[in-house]
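In: Okay, predicted coordinates and the sequence, questions at the end:
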Amino acid sequence: MTNHQIIVPLDVPDLGSAIALVDKLPQVTFWKVGLELFTSTGPTILEILKSRQKRIFLDLKFHDIPNTVAGACRAAASYGVDLLTIHSTNGKDALKAATEAVQVGAEKAGTKPPKLIAITLLTSISTRQLAFELKIPIELPEFALQMALLAQESGLDGAVCSPQEVGQLRESCGNDFLLVCPGVRPTWAEKGDQKRSLTPSQAIKAGADYLVIGRPITAAPQPELAWQKITEELNETYNPTGNEFPVS
Ligand SMILES: O=c1ccn([C@@H]2O[C@H](COP(=O)(O)O)[C@@H](O)[C@H]2O)c(=O)[nH]1
């Protein structure tokens, strides 16, 4: 794993704030565009990131009937992004339709298809909420695992999961299945609305391919110092000799 496997979300309200953040953190190579920024500015931000040779995680978390999800995936795949999300709870028909749609959309646009990854269970949901609000009568780690397996059976490239479940998913889904972990918190950062966190080092050790780390960096008084602190902590854990931590 390298620093390039830390994805930073552009969770800001407008284009100006997004560009300011990208300018402030030139060392970040992988940015996430989510619901807030994409809804407010549309695809312009994607063009800006591409013109700066950045990798893009388009985190729109599609959740709808198969026909609608497929249409949205075709459109999203035409942007030439690297990662795209939909919810596992769409069900197998929609997941399969989505995997075909990203190929079609990318081919039509003459671009590489994104890796399609499924949200297993939002990292803001606690064990208690799963049982008492969502009324899902199975243990949380088992639910996350079943959602990852459903995505894998449906032909998706990977899943989004909390660092607390990534070890179990890695063991069951194998090394070729991409596992992306938000809800990552250094010991010194506030958890906020994240309910199932671990530290960056713990998440990597458990088997994550990519870490999504937002507010601990972006809401810090000096985001560049927060980035440096996180990458130094990872380097100290994974490679005390001072080189970059090992490639997974
Ligand atoms: O289960 C999920 C899926 C996506 N996210 C997204 O990741 C970032 C996390 O940001 P932080 O500031 O580090 O909490 C955010 O953009 C979410 O939309 C997630 O948190 N959990």
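Out: In hand now; what should we look at?
In: pLDDT-wise, which helix or strand of this structure ranks last?
Out: Least confident helix or strand, the chain: helix 223-238 with a mean of 93, by mean pLDDT, DSSP states H and E.
In: Could you list every helix and strand in contact with that helix?
Out: Where contact means 3 or more Cβ pairs under 8 Å, 6 or more residues apart in numbering; DSSP states H and E, helix 223-238 is packed against strand 6-9, helix 15-24, helix 200-206, helix 215-218. Glycine gets a C-beta too; all of them are placed from N, C-alpha and C.
In: Rebuild the ones you listed as CSV, extending it with mean pLDDT and mean neighbour count.
Out: Formatted as CSV, these follow (pLDDT from 0 to 100; neighbours: other Cβ atoms under 10 Å):
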stretch, mean pLDDT, mean neighbour count
strand 6-9, 98, 23
helix 15-24, 98, 15
helix 200-206, 97, 21
helix 215-218, 98, 21
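In: For these, give me JSON lines that also has distance to Leu49.
Out: JSON lines is the format used below for those (distance: least, Cβ to Cβ, whole Å):
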{"stretch": "strand 6-9", "distance to Leu49": "11"}
{"stretch": "helix 15-24", "distance to Leu49": "7"}
{"stretch": "helix 200-206", "distance to Leu49": "23"}
{"stretch": "helix 215-218", "distance to Leu49": "15"}
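In: Can you say which of these is nearest to Lys112?
Out: strand 6-9 (17.9 Å; Cβ to Cβ).
In: any weak-confidence spans in the protein?
Out: 1, 239-248 (pLDDT under 70).
In: Alongside the ligand, which residues does this protein contribute?
Out: For the chain, the contact set with the ligand under Cβ under 6 Å from any ligand atom comprises 9, 11, 32, 34, 59, 119, 122-123, 160, 182-183, 192, 194, 212-215.
In: Enumerate every residue touching the nearest residue to Glu171 once chain neighbours are set aside.
Out: Spatially, and ignoring its direct neighbours in sequence, Glu171 is nearest to Gly207 (7.8 Å; Cβ to Cβ, 6 or more residues apart in numbering). Residues near Gly207 by Cβ atoms under 8 Å, 6 or more residues apart in numbering: 166-167, 169-171, 179.
In: how about a cut-off of 6 Å?
Out: Counting by Cβ atoms under 6 Å, 6 or more residues apart in numbering, Gly207 touches 166-167, 170.
In: how far away is it from Pro200?
Out: 13 Å (Cβ to Cβ, to the nearest Å).
In: Nearest the geometric middle of this protein, what residue?
Out: Centrality entry for the chain: nearest residue to the mean C-alpha point is Val180, 5.0 Å, by Cα atoms, centre = their mean.
In: Pairing partners for the lengthiest strand in the chain, with directions?
Out: Secondary structure assigned by DSSP state E gives strand 55-62 as the longest strand of the chain. Strand 55-62 sits in its sheet next to strand 30-33 (parallel), strand 83-87 (parallel), going by DSSP bridges.
In: Select the longest helix from the protein.
Out: Using DSSP state H to assign secondary structure, the helix with the most residues in the chain is helix 92-109.
In: which element follows that one toward the C-terminus?
Out: strand 115-119 (DSSP states H and E).
In: In the sheet, which strands lie alongside that following strand, parallel or antiparallel?
Out: Counting by DSSP bridges, strand 115-119 is paired with strand 83-87 (parallel), strand 158-160 (parallel).
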